[in-house]
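**Student:** here is a sequence together with a model predicted from it:
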Amino acid sequence: MERKKIVVTGIGATSPLGGTAPDSWKALLAGESGISTLEHDWVAQHELPVTFAGQARVPAADVLERVEVKRLDPSSQFALIAAREAWADAGSPETDPVRILVDFATGIGGLWTLLDAWDTLREKGPRRVLPMTIPMIMPNAAAAAVSMALSARGGARTVVSACASSTESVANAYDHLQAGLADVVIAGGTEAVTHALPIAAFASMQALSRRNDDPARASRPYDVDRDGFVLSEGAAALVLETEEHALARGARIYAELAGGAVTSDSYHITAPDPEGSAAARAMRAALEQAGAKPEDVTHVNAHATSTPVGDIAEYKAMLRIFGDALDGIAVSATKAATGHLLGGTGALEAVFTVLALAERTAPPTINLDNQDPEIPLDVVTSPRPLGDGPLLAISNSFGFGGHNAVAAFRSYE
């Protein structure tokens, strides 16, 4: 069967860097940090060892209707904001609703709602637990909210694969469109777990940076002094469709989604395979689907969480695929600026990858003062032109449980 060309026609995001995709991108290029100290009573109340996070730059309550805020967990609120922006950016396609499909991911789901309901049950009894609790905590709530808001009746799917979740949704969108299941797919991911419990739990795992005195410089991918990731919140979305459908309606095209792939380590519940073999297979499979060779890649948006073991494992995986060609690839580690949005991070980085191709500019990696000699990548530290001609980029995401997901994007000529 002849492969269809899949294109990106809309993007949206609400992140620690900005309330929209353009604002987030502008702040990223400017070298800003979205990480700040948490000004909440519960930080001191619980004596949290980590007192900062990547908080959404624009609160969801400033964007949504009051009833939407009341009936949706913060994770679904962020999803709705990003999806609506992407849909409007795509020109609000007038497509048969049964040909519009949603594939929206999350890593954890409605955690705030769940824990607030538990507090209510313990303190006030079962009669005070809100009847909307279950629809708000279910992991598919974000996909459902987006589906209803955009009248998408071709399916509302939810991927839950930790930090690989939304890149897997993007890869799924490619398959959905190739299979003819839809003409338009809204793919993305969301997370809102900047709460005392996840912070305490991640800190207990020694996964979080503890630079409480310097939050903006805490996320330090590839730096010898990196000491963990920074927990963040937000969402991002992409509108994807076949080129034929996009051209027929006169849509503006950002880039081509050339391929996507998913593999699993089967190694450890939290630690990555130190040799990166399955992560490398995901990269290779995404490139094969794109009909591309490793030497065609000009840019990588790396997973690069700023953990001591994770950054090295990803480097080894890339080395397996690119070999000597890796020296000529511009690598950006954008979590240095955004922190780690868990299930929403892949979609946000996919948006950044699309914009990097559309504007032919690789975004900078901030906070890299002393690059780890064990990771000799060509890391972009200030906005870098990607040059003329066809461009190919990949965006990597790897999650707890050994989940690996990679999306490949090509510049649209």
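**Tutor:** Now that the structure is in, tell me what you want to look at. Numbers count the residues shown, from 1 in each chain.
**Student:** where do the strands sit along the protein?
**Tutor:** Assigned by DSSP state E, the chain shows strands spanning 6-14, 36-37, 52-53, 100-106, 156-157, 184-191, 234-242, 255-264, 299-301, 330-332, 361-362, 384-385, 392-399, 403-411.
**Student:** just those strands: most buried one?
**Tutor:** Counting by mean count of other CB atoms under 10 Å, strand 184-191 has the highest mean neighbour count of those, with a mean of 35. C-beta here means a position set from N, CA and C on the backbone, and glycine is covered the same way.
**Student:** so what are the sheet partners of that strand and their directions?
**Tutor:** According to DSSP bridges, strand 184-191 forms sheet pairs with strand 100-106 (parallel), strand 234-242 (antiparallel).
**Student:** ok, which of the strands of the chain comes nearest Ile137?
**Tutor:** strand 100-106 (11.0 Å; CB to CB).
**Student:** among the strands paired with strand 184-191, which comes closest to Lys4?
**Tutor:** Lys4 sits nearest to strand 234-242 of all the strands paired with strand 184-191, at 4.8 Å, using CB to CB.
**Student:** how far does the closest one sit from the chain's center?
**Tutor:** For strand 234-242, the separation from the chain centroid amounts to 11 Å (computed by CA atoms, centre = their mean, to the nearest Å).
**Student:** residue contacts, Arg220?
**Tutor:** Ser209, Arg226, Asp227, Ser306, Ala336, Asn367, Leu368, Asp369 (CB atoms under 8 Å, 6 or more residues apart in numbering).
**Student:** at 6 Å what do you get?
**Tutor:** Arg220 sits next to Arg226, Ser306, Asn367 when contact means CB atoms under 6 Å, 6 or more residues apart in numbering.
**Student:** for the residues you listed, which one is nearest Glu256?
**Tutor:** Ser306 (30.2 Å).
**Student:** pLDDT score for the residue nearest to Pro390 when sequence neighbours are not counted?
**Tutor:** Distances taken as CB to CB, 6 or more residues apart in numbering put Ser411 closest to Pro390, at 5.9 Å, once the chain neighbours are dropped. Note for Ser411: predicted pLDDT of 98.
**Student:** next one: Ala286
**Tutor:** Looking at Ala286, its pLDDT stands at 98.
**Student:** repeat for Asn172
**Tutor:** So, for Asn172, pLDDT stands at 98.
**Student:** who are the contact partners of Lys316?
**Tutor:** Taking CB under 6 Å, 6+ apart, we find Lys316 in contact with Glu275, Gly276.
**Student:** distance of it from Ala278?
**Tutor:** Computed as CB to CB, to the nearest Å, the Lys316 to Ala278 distance reads 12 Å.
**Student:** thinking again about what came up before, closest to Leu341 among the contacts of Arg220?
**Tutor:** Ser306 (13.6 Å).
**Student:** show me the contacts for that closest one.
**Tutor:** Residues in contact with Ser306, defined by CB under 6 Å, 6+ apart, are Ser219, Arg220, Pro221, Arg226, Phe229.
**Student:** in these, find the pair that's most separated.
**Tutor:** Arg220 and Phe229, at 9.9 Å, using CB to CB across the contacts of Ser306.
**Student:** rewinding a little: which of the contacts of Arg220 sits closest to Leu17?
**Tutor:** Closest approach between the contacts of Arg220 and Leu17, by CB to CB: Asn367, at 14.2 Å.
**Student:** need the strands of the chain in a markdown table (columns: distance to Asp311).
**Tutor:** A markdown table is the format used below for those (distance: least, CB to CB, whole Å):
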| stretch | distance to Asp311 |
| --- | --- |
| strand 6-14 | 24 |
| strand 36-37 | 23 |
| strand 52-53 | 20 |
| strand 100-106 | 23 |
| strand 156-157 | 31 |
| strand 184-191 | 21 |
| strand 234-242 | 22 |
| strand 255-264 | 19 |
| strand 299-301 | 13 |
| strand 330-332 | 11 |
| strand 361-362 | 18 |
| strand 384-385 | 20 |
| strand 392-399 | 11 |
| strand 403-411 | 15 |
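**Student:** pLDDT weak spots in this structure?
**Tutor:** Applying pLDDT under 70 to the chain picks out residues 1.
**Student:** so Ser15 versus Ala60, what's the distance?
**Tutor:** Taking CB to CB as the measure, Ser15 falls 12 Å from Ala60.
**Student:** pick out whichever of the two has more residues nearby.
**Tutor:** Taking neighbours as other CB atoms under 10 Å, Ser15 and Ala60 compare with Ser15 leading, 36 against 24.
**Student:** with adjacent residues omitted, what lies nearest to that one?
**Tutor:** Gly234 (4.1 Å).
**Student:** ok, that neighbour touching Gly54?
**Tutor:** No - using CB atoms under 6 Å, Gly234 makes no contact with Gly54, being 7.5 Å away.
**Student:** and the gap between the closest residue to Gln289 other than its chain neighbours and Glu85?
**Tutor:** Leaving aside its sequence neighbours, Gln289 sits nearest to Gly259 (CB to CB, 6+ apart; 3.1 Å). Distance, Gly259 to Glu85, using CB to CB: 25 Å.
**Student:** and His268, by the same measure?
**Tutor:** 37 Å.
**Student:** please identify which of these two sits among more neighbours.
**Tutor:** With neighbours defined as other CB under 10 Å, His268 and Glu85 compare such that Glu85 has more, 24 against 12.
**Student:** wait, doesn't the more buried one sit right on Ala13?
**Tutor:** No - using CB under 6 Å, Glu85 is not in contact with Ala13, being 7.2 Å away.
**Student:** and the closest residue to Lys5 other than its chain neighbours, how many neighbours?
**Tutor:** Nearest residue to Lys5 in three dimensions, chain neighbours excluded: Glu243, at 4.0 Å (CB to CB, 6+ apart). Number of residues near Glu243 (other CB under 10 Å) recorded here: 17.
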